[in-house]
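Here is the input, now give the coordinates:
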Amino acid sequence: MGFVEADILTRVIAPEGASLEKHVAEAVLAMGFNAADKKRIDELAEKAREGVLNPDERVEAESYERVGHFISLLKSKARRSLASA
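Numbering: from 1, shown residues only. Predicted structure coming up:
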């Protein structure tokens, strides 16, 4: 995700706000990568450290990174919402 995309998502999600209802915030905090995805992320990270990612793997790794960033923004908002409840 480029800087512009990340900046736009941050403004849209407004993670510093606390506007989620409790049940929504709890559901958001339960989100995450499953075991197979975590394993794949680790494999791609290792290949990236070794400098042997092929172009398709680079796109896949960047996609995981974007999704992870999005989930992080949502979870930040969820934690703030629960803290203010």
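
Helices of the protein, start to end?
Secondary structure of the chain by DSSP state H: the helices cover 3-13, 22-29, 35-50, 55-84.

Rebuild those as TSV, extending it with mean pLDDT and mean neighbour count.
In short, each C-beta sits where N, CA and C put it, glycine included. What follows is the helices of the chain, written out as TSV (pLDDT from 0 to 100; neighbours: other Cβ atoms under 10 Å):
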stretch	mean pLDDT	mean neighbour count
helix 3-13	84	12
helix 22-29	96	14
helix 35-50	98	12
helix 55-84	94	15
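
how near is the residue most central in space within the chain to E62?
For the chain, the residue lying nearest the average C-alpha position, counting by Cα atoms, centre = their mean, turns out to be G68 (2.0 Å). Counting by Cβ to Cβ, to the nearest Å, the gap from G68 to E62 is 11 Å.

do R80 as well
Spatial separation of R80 from E62 under the definition Cβ to Cβ is 28 Å.

Same check on H69?
Look at H69 and E62: by Cβ to Cβ, they are 11 Å apart.

do the same with E50
Taken as Cβ to Cβ, the spacing of E50 relative to E62 amounts to 17 Å.

Over to A30?
When Cβ to Cβ is applied, the distance between A30 and E62 equals 25 Å.

Kindly report the same for G17.
Computed as Cβ to Cβ, the G17 to E62 distance reads 28 Å.

same deal with G51?
Relative to E62, G51 is positioned 16 Å away (criterion: Cβ to Cβ).

wait, what's in contact with G32?
By Cβ atoms under 8 Å, 6 or more residues apart in numbering, G32 lies in contact with I71.

tell me the pLDDT at it?
G32 is assigned a pLDDT of 97 by the prediction.

Next one: it from R49, what distance?
Counting by Cβ to Cβ, the gap from G32 to R49 is 23 Å.

Check R11 too.
33 Å.

which residue packs closest to S76, ignoring adjacent ones?
Closest residue to S76 in three dimensions, ignoring its sequence neighbours and counting by Cβ to Cβ, 6 or more residues apart in numbering: P15, at 3.7 Å.
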